[in-house]
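**Q** I would like the atomic coordinates for the input below:
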Amino acid sequence: MPIRELPPHLVNQIAAGEVVERPASVVKELLENSLDAGARHIELDVEQGGISLCRVRDDGIGIPADQLSLALARHATSKIASLEDLEHIASLGFRGEALPSIASVSRLKLVSQHCDADSAWTLNTDGDGLGEIEPAAHPQGTSVEVRDLFFNVPARRRFLKTERTEFNHVQRVAEKIALSRFSAAFKLTHNQRVLIDVAAADTRQQQEERIARICGSAFMDHALYLEHQAGGLSLRGWIARPSFSRSQPDLQHFFVNGRAIRDRLASHAVRTGFRDVLFHGRHPAYVLYLEMDPAQVDVNAHPAKQEVRFHDSRSVHDFLRHTVEAVLAETRPDGNYTATTSFTRTGPAAGGKIHQAGMRFGGSPRPEVFREQMATYAALAGEASPEGLPVQDTSGQDVPPLGFAIAQLHGIYILAQNLDGLVIVDAHAAHERTIYEQLKQSMAAENVQSQPLLLPQEITVSESQADLVEQHLDTLISMGMSVDRTGPAQLSIRAVPAMLANSDAEALLNDMIADLATSGSSEQIGQAVDDLLATAACHASVRANRRLTIEEMNMLLRQMEITERSDQCNHGRPTWTCLTIQDLDRLFSRGR
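**A** You can find the predicted model right below:
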């Protein structure tokens, strides 16, 4: 076939293959246009999962009548005008491909009134050509109506899923857009049924109410708010406690300059921040907003603008990781955060199980232990203690967050009483965390020592991997690794961290190279050292069935209150919980 220019209609349909994958793609582009137009109120109407209808109405600045046809022309946009604008993109859309691509595979109606105009105008297209611009009735703002998606591309339409599946994709996009801009009110209707209707959220409380509406109230019940700035980067948002981890990464919302993105570097950084507190196979939940200089991030890295590239990816990764680590370090029962867990009675079986456990309590306590427990009860209640027994003095000071120990259950759990109710502590898990954090602090106070290998270990890698190692030699040395390049694709390992002298040096270096390629830094050394420290802490901590005195139990409670991340053990399991008086009253149907 001879070389020839493709007709504009076919060019638009080819572009639509990149931009318009399904109804959710249409919704994303239209909603982003509304936000770029400064809309304060957006309504999204969807029918049959978006296949039959996607309609977006907004109260933005609007489009002048003489520019309506340009809005449906390829590479026509009001958002950039020069290469300099392209390098500092602050808007969500900028390519000028979305509307013409959508119009080429649907029946589209565009109605708009510009803020400086006295009337509205409309333009229709049926996927083949533009109609005439005509007067219309419409308030300030724009409405875009997309009907019969892929009606003229049967092959693409056959690949669409069921109405329910397509709407699930639409709803996820709508939720991300609603989370991306709190300044705009948002309403979603599917088949005349309102599913989301949220007002503009200007205060933090209103923002948290919107997040609870979209992500669920359970997320906000476990959420920790963070706000941090450093090196031209600003991060704010909410991360859920490790106890609210998920089996899938389905509750992870990350925004860069107001743009919802899926970024491996960002998700890796956040997950690394959860490293010491997340249960194996679980995923963290978060809603995070990163603000940075638009010139330091390339948003033109993906046709659908779902991925970005950072100019200094290592700095961004380290900033995210350290910020998350700092917030999680405060997840301890020191009064700043409450780690109480609500107790729900699920039926008669639950009550029966509790009764049986109480009947199997391991024998009667020794008289002196019983007297110590009674003294602690009396101290908390403000009553006189049994004659001749010293009492924990609580006058003039607040009761600690974990209260005072009163008993040990089956040699495993510490029972304590605080101002809220009954505190239950897993003694082994709590002690393991406190020892682990002490070991880590001791390690951090000393430089990583290297252990030279008796015989250098030669390994073969790709040339690009060898180049990467050469670029990060200083990083490897700071971690205790000494590596030389002995050929185009040959590396020689001459030293490893002293604590990891017995580890597989080749596997360790390969894992580090993979990390360097992904994020510009590596956590493999730190992870391996932490694993060793965690093992040591596990063996050194108090074991099950070891009877503790009241003083030993109270000492552990006080240590937990000042230890970072003491809400979880090293394996991500919770170390304590609290049943409030209200929980206990509900359990025993008191007050009914």
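
**Q** Could I get the contacting residues of residue 223?
**A** 208, 211, 238-241 (Cβ atoms under 8 Å, 6 or more residues apart in numbering). The C-beta positions use only the backbone N, C-alpha and C, and glycine is treated the same way.

**Q** Flag the shaky bits of the stretch 301-450 of the chain, pLDDT-wise.
**A** Along the stretch 301-450 of the chain, the parts satisfying pLDDT under 70 run over 302-305, 334-398, 442-448.

**Q** If we use 80, what do you get?
**A** Along the stretch 301-450 of the chain, the parts satisfying pLDDT under 80 run over 301-306, 332, 334-398, 439-449.

**Q** what about the closest residue to residue 295 other than its chain neighbours, neighbour count?
**A** For residue 295, ignoring the flanking residues on the chain, the nearest one in space by Cβ to Cβ, 6 or more residues apart in numbering is residue 88 at 5.2 Å. By other Cβ atoms under 10 Å, 11 other residues sit near residue 88.

**Q** ditto for residue 266
**A** There are 23 residues near residue 266, going by other Cβ under 10 Å.

**Q** Let me see the mean pLDDT of the helix or strand where it lies.
**A** Take DSSP states H and E as the rule and residue 266 turns out to sit in helix 264-273. In this model, helix 264-273 has a mean pLDDT of 91.

**Q** can you check stretch 282-289 too?
**A** Stretch 282-289 comes out at a mean pLDDT of 94.

**Q** how distant is it from the center of its chain?
**A** 1 Å (Cα atoms, centre = their mean, to the nearest Å).

**Q** tell me which residues of that stretch are tucked away?
**A** Applying a neighbour-count criterion of 16 or more other Cβ atoms under 10 Å, the buried positions in stretch 282-289 are 282-289.

**Q** swap in stretch 465-474?
**A** 465-466, 468-469, 472.

**Q** And stretch 175-185, by the same measure?
**A** Buried residues in stretch 175-185 (16+ other Cβ under 10 Å): 175-182, 184-185.

**Q** Next: stretch 428-443.
**A** Buried residues in stretch 428-443, defined by neighbour count with 16+ other Cβ under 10 Å: 428-437, 439-440, 443.

**Q** With stretch 222-238 instead?
**A** 222-224, 226, 233, 235-238.

**Q** quick one: terminal-to-terminal distance for that stretch?
**A** End-to-end distance for stretch 222-238, by Cα to Cα, to the nearest Å: 9 Å.

**Q** The stretch 1-150 of the chain: helices as residue ranges?
**A** 8-19, 23-36, 68-71, 83-86, 98-103 (DSSP state H, counting those that start in this stretch).

**Q** as a whole number, average confidence for the second one?
**A** The predicted model assigns helix 23-36 a mean pLDDT of 94.

**Q** what's the answer for the last one, then?
**A** Helix 98-103 carries an average pLDDT of 88.

**Q** Give the other helices and strands that it contacts.
**A** helix 8-19, helix 23-36, strand 107-113 (3 or more Cβ pairs under 8 Å, 6 or more residues apart in numbering; DSSP states H and E).

**Q** Point out the most buried one among those.
**A** Counting by mean count of other Cβ atoms under 10 Å, helix 23-36 has the highest mean neighbour count of the helices and strands packed on helix 98-103, with a mean of 24.

**Q** quick one, that helix and strand 107-113 angle?
**A** Helix 23-36 and strand 107-113 are oriented at 10 degrees to each other (axes from the mean of the first three to the mean of the last three Cα atoms, to 10 degrees).

**Q** what about dumping the CA coordinates of helix 23-36 to PDB?
**A** Below are the C-alpha coordinates for helix 23-36, written out as PDB (Å, rounded to 0.1, in the frame of the first residue of the first chain):
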ATOM      1  CA  PRO A  23     -16.900   4.200  30.100                       C
ATOM      2  CA  ALA A  24     -14.700   4.800  33.200                       C
ATOM      3  CA  SER A  25     -12.100   6.400  30.800                       C
ATOM      4  CA  VAL A  26     -14.800   8.800  29.500                       C
ATOM      5  CA  VAL A  27     -15.900   9.700  33.000                       C
ATOM      6  CA  LYS A  28     -12.300  10.400  34.100                       C
ATOM      7  CA  GLU A  29     -11.600  12.800  31.200                       C
ATOM      8  CA  LEU A  30     -14.800  14.700  31.600                       C
ATOM      9  CA  LEU A  31     -14.500  15.100  35.300                       C
ATOM     10  CA  GLU A  32     -10.900  16.300  35.000                       C
ATOM     11  CA  ASN A  33     -12.000  18.900  32.500                       C
ATOM     12  CA  SER A  34     -14.600  20.100  34.900                       C
ATOM     13  CA  LEU A  35     -12.000  20.500  37.700                       C
ATOM     14  CA  ASP A  36      -9.700  22.300  35.300                       C
END
